[in-house]
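Novice: let's see this in three dimensions:
(chains A and B)
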Number of protein chains: 2
Amino acid sequence: MADGFEICEGELWVSGSEVVYVGNAGVQESLLWDREIDVQGNLLMPGFKNAHTHSAMTFLRSYADDMPLFEWLNQQVFPMEAKLTPEHIYHLSKLAIMEYLTSGITANFDMYLTPDTMVQASVDCGFRTVICGAVNDFSQSVEEMEGWYQKYNGIHELIGCRLGFHAEYTTSREILEGIAALAEKYQAPVYTHLAETEGEVKQCLERNRMTPVEYLDSLGMFKHGGGGFHCVYMTERDMEILKRRGMYVVTNPASNLKLASGIAPIRDMSAKGIPIAIGTDGPASNNCLDMFREMFLVTALAKYREKDASVVDANEVLSMATVGGAKAMGLNDCDTLEPGKKADVILIDLHQPNMQPLNNITKNVVYSGCRQNVKLTMVNGKILYEDGKFSIGTEPEEIYEKANAICNFFKN
Amino acid sequence: MADGFEICEGELWVSGSEVVYVGNAGVQESLLWDREIDVQGNLLMPGFKNAHTHSAMTFLRSYADDMPLFEWLNQQVFPMEAKLTPEHIYHLSKLAIMEYLTSGITANFDMYLTPDTMVQASVDCGFRTVICGAVNDFSQSVEEMEGWYQKYNGIHELIGCRLGFHAEYTTSREILEGIAALAEKYQAPVYTHLAETEGEVKQCLERNRMTPVEYLDSLGMFKHGGGGFHCVYMTERDMEILKRRGMYVVTNPASNLKLASGIAPIRDMSAKGIPIAIGTDGPASNNCLDMFREMFLVTALAKYREKDASVVDANEVLSMATVGGAKAMGLNDCDTLEPGKKADVILIDLHQPNMQPLNNITKNVVYSGCRQNVKLTMVNGKILYEDGKFSIGTEPEEIYEKANAICNFFKN
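Specialist: Have a look, this model is predicted:
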């Protein structure tokens, strides 16, 4: 399946970490393979890319719900996070990786406190992670981020790192200028939470007489592109800046609804030519890490918001969840299934009632698909999840036990 | 688990079609059972009730999307439906029943063209169905509905029937008066699509100088209660009428979003004491039949609509999807798990990454649950679905073949 979702019948061959052939069956019958899988008419497609998440926040799932964003952050999230150790974050990240695999997600763009632990969890599981800097006034420094940027780009084929900071409202001008200088030094894109709530935009206007997008752009932050997470409250001018800077928008519809933040103007941003990717946000706000739910929300909420049931169709959404996500994270060889691309592949079970009849497979996946349809998830040529079983070097029950032990430790 | 979601450790015993014991383990060890299941710490709970659906519309899944409601009905749905035979509807209903089972749905409140075929499909599969009349100017008559009402109440322990009509905007005053007379004759509740779109309410105001709720109530339609499907556009007065008449609201959030109809005022209706149930609507508009997606939408959309992340919490939503649905459909012995209640039971797999850690199981189910977590679905004491396998008297592949053949027949 290439960009544009051409669905063809035939075979897909993987060698090492790469796709080496996509096409008609029976071309080279004499080749010997370690394993041959009869997919029984099911759908092979590129894995989903979770382009914004905070994986280790699994420990806060179903812990603090039903609260507005700022209250939730200040009263529940930040105090609990202050108690986390790197070892906690390692195990909690593994729990998230398991959930990604069940949802056909083959890479995450992760923003959290200690990148080292997320990197270790991903490498140990065989999962693909791009670390996003999360610098702000309370944790991480520009210097630390530069260290990670140098260390993690090139360290391992599964790992990458991008410059990033938490948000305009948590980061002083001095630090922001430091990050903009780094962006210039490395000619690198920068990513951040951007215009997630109405209050955040209002406060920025009061402080700086500019919207968050205008203000950050005025500091030279986006000279080499990058991306905004959420982007719920966008002015025309904001969208023009994002477009001009070649920036990505990563939308997080479930989190934005559940925290009562709002609905992002996906149709308008897309119409302006701003490329869009999809993220789950962290499990504390969502509360699950499921690309199927996000895909349905992207299209259904756009239809509701614009009072037009024809906008943002299934093809567009599936492209955001695969190609859009890969490009937003800089994973340019993980976007489609073609020879030379990384073998980040999933197998979707069409022999399930929610996938029948086969009027339109793309629409079935976007409008009706769910985790139950993920039969197999392959990352970098290795099968990490198949028919409900994980091959990630640790037993699931061990990870569940660790996660529950961490939660019990916090409660006492 | 009783009303209010008390979760206890212990055993649940089923004999014939009923729950006969819920409580501590080891009470009567000498009893002999056909089968004993170790649920391994997973969650037994009452099955979900799909309180509004059009099951046989599975044939239109992913066929006509991305269109507004009226255009979609007139250009796509009605012309295709005109070609359907009762045999088609039988097979298409079975496909829907399979999907219900995968989502832990143990009963449906079904409104469609030919009730006989839905009834046959349910009885053949062992599924529980309450038929809802769908009288309108184009199909079904008041006399036919009275025949079904007499025939299907008492015919089989899995089947029931309620009076109903399609909608105010598709049904003449004369027919509506006939239905109101039937309601009076049988002292029976009446159900209908109600205030689904803004246009529908406006047109009714122009025709009758009353909202649909006011107009129908003025005809005596709801003298013995009943329910409204959708109820997206509600005035204060509408809500007072629903409350006074003891009516149920059945909300269908995914369909309302996807057709750009709107978001129902769940918080306000609930605050007024109107009992609420949840439906998937038909697979042509949704496009899947999944109570987990609906539950998340009910709470997340209420939070967004009221700009308050604290409204309509997980307990309330889980109650709507189980107890609320059962009561709306008149299934008063299918609401909770207690001795003497029908054994409509599901087993939720908590040993999955999206259900961990176990900070709060109710929240895990509502905010993070998905079909993948449904390990077993029992209807009326019989296991119809377990670990991905169906026991409904027909092979899944046979039903898929029938559904695809019907679609191909229509396309030619």
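
Novice: residue ranges for the strands of the stretch 151-300 of chain A, please.
Specialist: Remark: strands assigned in the stretch 151-300 of chain A by DSSP state E, counting those that start in this stretch are A:159-167, A:190-194, A:226-230, A:248-251, A:276-278.

Novice: what is the second one packed up against?
Specialist: Other helices and strands packing on strand A:190-194, by 3 or more CB pairs under 8 Å, 6 or more residues apart in numbering or on different chains; DSSP states H and E, are strand A:159-167, helix A:173-186, helix A:212-218, strand A:226-230. Bear in mind the C-beta positions are built from the backbone N, C-alpha and C, glycine included.

Novice: same question, the longest one
Specialist: The elements that strand A:159-167 packs onto, with contact taken as 3+ CB pairs under 8 Å, 6+ apart, are helix A:115-125, strand A:128-132, helix A:142-152, helix A:173-186, strand A:190-194, strand A:226-230.

Novice: just the CA trace of the first one, in PDB.
Specialist: Translated: helix A:115-125. Extracted in PDB, the C-alpha atoms of helix A:115-125 (Å, rounded to 0.1, in the frame of the first residue of the first chain):
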ATOM      1  CA  PRO A 115      14.500  10.500  27.800                       C
ATOM      2  CA  ASP A 116      17.200   7.900  28.700                       C
ATOM      3  CA  THR A 117      14.600   5.600  30.200                       C
ATOM      4  CA  MET A 118      12.200   5.800  27.300                       C
ATOM      5  CA  VAL A 119      15.100   5.100  25.000                       C
ATOM      6  CA  GLN A 120      16.200   2.100  27.100                       C
ATOM      7  CA  ALA A 121      12.700   0.700  27.200                       C
ATOM      8  CA  SER A 122      12.300   1.000  23.400                       C
ATOM      9  CA  VAL A 123      15.700  -0.500  22.600                       C
ATOM     10  CA  ASP A 124      15.000  -3.400  25.000                       C
ATOM     11  CA  CYS A 125      11.500  -4.000  23.400                       C
END
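
Novice: for that helix, packing partners?
Specialist: Packing contacts for helix A:115-125, counted by 3+ CB pairs under 8 Å, 6+ apart, involve helix A:86-102, strand A:128-132, helix A:142-152, strand A:159-167.

Novice: circling back: want to throw the strands of the stretch 151-300 of chain A into JSON lines with mean neighbour count?
Specialist: As requested, these are exported to JSON lines (neighbours: other CB atoms under 10 Å in any protein chain shown):
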{"stretch": "strand A:159-167", "mean neighbour count": "23"}
{"stretch": "strand A:190-194", "mean neighbour count": "28"}
{"stretch": "strand A:226-230", "mean neighbour count": "29"}
{"stretch": "strand A:248-251", "mean neighbour count": "29"}
{"stretch": "strand A:276-278", "mean neighbour count": "26"}
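
Novice: reformat those strands as a markdown table; add mean pLDDT.
Specialist: A markdown table is the format used below for the strands of the stretch 151-300 of chain A (pLDDT from 0 to 100):
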| stretch | mean pLDDT |
| --- | --- |
| strand A:159-167 | 98 |
| strand A:190-194 | 98 |
| strand A:226-230 | 98 |
| strand A:248-251 | 98 |
| strand A:276-278 | 98 |
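
Novice: where does chain A dip in pLDDT?
Specialist: A:1-4, A:28-30, A:69, A:412 (pLDDT under 70).

Novice: format the helices and strands packed on strand A:159-167 as a markdown table; extra columns: distance to A:Val39.
Specialist: Formatted as a markdown table, the helices and strands packed on strand A:159-167 follow (distance: least, CB to CB, whole Å):
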| stretch | distance to A:Val39 |
| --- | --- |
| helix A:115-125 | 24 |
| strand A:128-132 | 22 |
| helix A:142-152 | 35 |
| helix A:173-186 | 42 |
| strand A:190-194 | 36 |
| strand A:226-230 | 34 |
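
Novice: which residues of the stretch 201-350 of chain A lie near chain B?
Specialist: Counting by CB under 8 Å from any CB of the partner chain, the positions of the stretch 201-350 of chain A adjacent to chain B are A:254, A:256-260, A:262-263, A:283, A:286-290, A:292-293, A:296, A:299-301, A:303-304, A:306-311, A:313-314.

Novice: follow-up on the earlier one: pick the most deeply packed of the helices and strands packed on helix A:115-125.
Specialist: Of the helices and strands packed on helix A:115-125, the one with the most neighbours on average (mean count of other CB atoms under 10 Å in any protein chain shown) is strand A:128-132, at a mean of 27.

Novice: counting neighbours, what do you get for A:His156?
Specialist: 12 (other CB atoms under 10 Å in any protein chain shown).

Novice: cool, and A:Val39?
Specialist: By other CB under 10 Å, the residues close to A:Val39 number 15.

Novice: contacting residues around it?
Specialist: Counting by CB atoms under 8 Å, 6 or more residues apart in numbering or on different chains, A:Val39 makes contact with A:Leu347.

Novice: so it: helix, strand or coil?
Specialist: Using DSSP: H, G, I helix; E, B strand; the rest coil, the structure places A:Val39 in coil.

Novice: and it, how close does it get to chain B?
Specialist: Going from A:Val39 to chain B by CB to the nearest CB, to the nearest Å gives 16 Å.

Novice: can you report phi and psi for that residue?
Specialist: Dihedral pair for A:Val39: phi -80, psi 0, per degrees, to the nearest 10.

Novice: correct me if wrong, but A:Tyr21 is in a helix.
Specialist: No - A:Tyr21 is assigned strand when assessed by three-state DSSP, not a helix.

Novice: so which of the helices and strands packed on helix A:115-125 is nearest B:Thr192?
Specialist: Proximity to B:Thr192, assessed across these by CB to CB, is greatest for helix A:86-102 (39.8 Å).

Novice: can you tell me which residues contact A:Ala188?
Specialist: A:Tyr149, A:Arg162, A:Leu163, A:Leu182, A:His224.

Novice: quick check, the first one in contact with A:Cys132.
Specialist: No - no contact is recorded between A:Tyr149 and A:Cys132 when judged using CB atoms under 8 Å, the distance being 10.6 Å.

Novice: which neighbours do those two share?
Specialist: Common neighbours of A:Tyr149 and A:Cys132, counting by CB under 8 Å, 6+ apart, are A:Cys161, A:Arg162.

Novice: tell me which residues touch the residue nearest to A:Lys342 when sequence neighbours are not counted, please.
Specialist: Computed as CB to CB, 6 or more residues apart in numbering or on different chains, the closest residue to A:Lys342 that is not its neighbour in sequence is A:Cys334, at 4.7 Å. Listed by CB under 8 Å, 6+ apart, the contact partners of A:Cys334 are A:Pro46, A:Gly47, A:Lys49, A:Thr106, A:Ala107, A:Arg128, A:Ala326, A:Lys341, A:Lys342, A:Asp344.

Novice: among those, name the ones in helices.
Specialist: Among these, DSSP state H puts A:Ala326 in helices.

Novice: nearest to A:Ser391 among the contacts of A:Cys334?
Specialist: A:Thr106 (14.1 Å).

Novice: and the residue nearest to the closest one when sequence neighbours are not counted, how close does it get to A:Lys83?
Specialist: Excluding its sequence neighbours, the residue lying closest to A:Thr106 (CB to CB, 6+ apart) is A:Gly47, at 2.8 Å. Separation of A:Gly47 from A:Lys83 (CB to CB, to the nearest Å) stands at 33 Å.

Novice: likewise for A:Ile37?
Specialist: 44 Å.

Novice: returning to that earlier point: restricted to helices, list the residues of the stretch 201-350 of chain A next to chain B.
Specialist: A:254, A:256-258, A:292-293, A:296, A:299-301, A:303-304, A:314.

Novice: possible to save the residues you listed as a markdown table with distance to A:Leu12?
Specialist: As requested, those are exported to a markdown table (distance: CB to CB, whole Å):
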| residue | distance to A:Leu12 |
| --- | --- |
| A:Ala254 | 31 |
| A:Asn256 | 35 |
| A:Leu257 | 36 |
| A:Lys258 | 37 |
| A:Phe292 | 22 |
| A:Arg293 | 27 |
| A:Phe296 | 27 |
| A:Thr299 | 27 |
| A:Ala300 | 31 |
| A:Leu301 | 33 |
| A:Lys303 | 33 |
| A:Tyr304 | 37 |
| A:Ala314 | 22 |
